[in-house]
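>>> Turn this into a structure:
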Amino acid sequence: MRWLPVLYVVVLLLLEPVTPVQWPVSFALIALPLVTAFAHGPVVVAGTAAFAVFMEGILAGTACCAGRSVGYLWDRHYVASYVCTALVGALGTIVAAHRIRRERTLADVRFVADIAQRVLLRPVPHRIGSLHLESLYLSAAAEARIGGDLFEAVPTRYGVRLLIGDVRGKGLLAVETAAALLGAFREAAHDEGALPALADRVETSMARRATHLGGSEVAERFVTAVFVEIPADTPLIHVVNCGHPPPIRIRSGEVRELDRGRSAPPLNLGMLLGEPYHVDDYSFLPGDQLLLYTDGITETRDATGAFYPLLQRLRSWGVLPPWVLLERLHHDLLDFSGDRLADDIAALAVRLPADQPPVPPPTPVG
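Residues are numbered from 1 along each chain as shown. Just a heads-up that it's a prediction; the model follows:
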């Protein structure tokens, strides 16, 4: 874009000699200041407008007709062209100044959004104990940067506790809800010994916040979430699912959704429905990998309207390191959707390296 004005002038100069004087191409120089305003500042645009008037005068004074030189420097049509070019130059200068102000404002907004994202969705550590972790977040709106999808990994005395969630709705309310949920989880993860108690405490915080906000949609301000606990002394993981897409365990020769059909209601609906939280236990051995994700991944569509085949893709890729897995998933989603994501996307990959010694199951009591 920065070289577009130069290219524009070059094309006009090449066309001018081969065009009959009755249709002078030099009149097209009137548009040069606006072309320049797309990529340059007001000073450059003003200078370009002066240059365009100067070039129009040269082309008018050296015009040829029927093989002889004919001067049209002060012809009324060319004088009108000079005046119009100057006016368009003034307009282009104003447009360029306005564009630069908007770009600076957008840069400031993106800077603030980046800081907010680092506070709200801070990158998970690449390693916690023996676990390797990696996270991915893609906003459907590039200018927004942050939305209602969330994830977190917290090392506690009970093991590493993971959370991934998806807030209903969009906009500032969704971001505020995500912040409240993450704050409650980061605090309660260290205090609550049982995973259902952790989910219940987060549920209480969400219900309290919804009541404080008031309005007629209190019951609709809900969040789907998955809580996972990976203890350090047992080859099991504990999962509490609150209406969220189930985690996927990736093992050599097997890709499996961890779902036993006992999902609890989304957070902020559990108290209304009165259903308890169920803990499901699954084996998690050295070499296994766990993928937590939001439904923005599986609801991504291609040009034909087909949904993204996540399980099929994972089976074709095999076992990959977490950062390789999420990098490939990232590019594959963009290719599949034609760079048109319709929803925010979050994913969290956790792997227990194969070189870790296997932990024997606990000895039964009695």
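
>>> make it CA atoms for all contacts and neighbour counts henceforth
Will do.

>>> in stretch 152-172, what's buried?
152-155, 158-169 (16 or more other C-alpha atoms under 10 Å).

>>> Max pairwise distance over those residues: which two?
Maximum pairwise distance among the buried residues of stretch 152-172 (C-alpha to C-alpha): 32.8 Å, between Y158 and G169.

>>> ok, now which ones touch F151?
If a contact means C-alpha atoms under 8 Å, 6 or more residues apart in numbering, then F151 has L121, L162, L163, I164, G165, L182, A346, A347, L348 as its contacts.

>>> a strand runs through the fourth one, doesn't it?
To tie it back to what came earlier, the one meant is I164. Yes. I164 sits within a strand when classified using DSSP: H, G, I helix; E, B strand; the rest coil.

>>> V95 versus E257, what's the distance?
54 Å (C-alpha to C-alpha, to the nearest Å).

>>> Quick check: mean pLDDT of stretch 30-50?
The average pLDDT within stretch 30-50 is 86.

>>> got the contact list for stretch 329-337?
Stretch 329-337 is contacted from outside by L136, I297, T300, R301, D302, A303, Y308, D339, R340, L341, using C-alpha under 8 Å, 6+ apart.

>>> Filter those down to the ones in helices?
I297 (DSSP state H).

>>> out of the contacts of stretch 329-337, which are inside strands?
Among these, DSSP state E puts L136 in strands.

>>> Got the domain ranges for this structure?
Per automatic domain parsing, the structural domains of the chain span 4-112, 123-351.

>>> ok now the longest one, how far from the chain's centre?
The one in question is domain 123-351. 16 Å (C-alpha atoms, centre = their mean, to the nearest Å).

>>> Likewise for the shortest one?
The chain centroid and the centroid of domain 4-112 are separated by 39 Å under C-alpha atoms, centre = their mean.

>>> Tell me where the stretch 151-300 of the chain has strands.
159-167, 223-230, 236-242, 248-251, 254-257, 280-283, 289-293 (DSSP state E, counting those that start in this stretch).

>>> Turn those into a markdown table, including mean pLDDT and distance to L352.
As requested, those are arranged in a markdown table below (pLDDT from 0 to 100; distance: least, C-alpha to C-alpha, whole Å):
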| stretch | mean pLDDT | distance to L352 |
| --- | --- | --- |
| strand 159-167 | 94 | 12 |
| strand 223-230 | 95 | 10 |
| strand 236-242 | 95 | 11 |
| strand 248-251 | 96 | 11 |
| strand 254-257 | 94 | 15 |
| strand 280-283 | 95 | 12 |
| strand 289-293 | 97 | 6 |
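
>>> Go through those strands and name the closest to P321.
Here strand 289-293 is closest among these (C-alpha to C-alpha), at 8.5 Å.

>>> That closest one to strand 236-242, inter-axis angle?
10 degrees (axes from the mean of the first three to the mean of the last three C-alpha atoms, to 10 degrees).

>>> now could you export just the CA positions of strand 289-293 as PDB?
Extracted in PDB, the C-alpha atoms of strand 289-293 (Å, rounded to 0.1, in the frame of the first residue of the first chain):
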ATOM      1  CA  GLN A 289      -2.100 -36.600  26.900                       C
ATOM      2  CA  LEU A 290      -5.300 -34.800  27.800                       C
ATOM      3  CA  LEU A 291      -7.000 -32.200  25.600                       C
ATOM      4  CA  LEU A 292      -9.500 -29.800  27.100                       C
ATOM      5  CA  TYR A 293     -11.300 -27.500  24.600                       C
END
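
>>> In terms of secondary structure, what does it contact?
Packing partners of strand 289-293 (3 or more C-alpha pairs under 8 Å, 6 or more residues apart in numbering; DSSP states H and E): strand 248-251, strand 345-351.

>>> Partner strands of the last one and their direction?
It stands for strand 345-351. Next to strand 345-351 in the sheet, as set by DSSP bridges, lie strand 131-138 (antiparallel), strand 289-293 (antiparallel).

>>> Which of these has the highest mean neighbour count?
Neighbour counts (mean count of other C-alpha atoms under 10 Å) averaged over each of the strands paired with strand 345-351 peak at strand 289-293, with a mean of 25.

>>> Neighbour count: E257 and V95, which is higher?
Just comparing E257 and V95: by other C-alpha atoms under 10 Å the higher neighbour count belongs to V95, 19 against 15.

>>> From A46, how far off is that one?
Relative to A46, and taking C-alpha to C-alpha, V95 is found at 11 Å.

>>> Name the spans of the stretch 1-150 of the chain whose pLDDT lies under the cut-off.
By pLDDT under 70, the weakly predicted segments of the stretch 1-150 of the chain are 16-26, 59, 61-73, 76, 110-120, 140-147.
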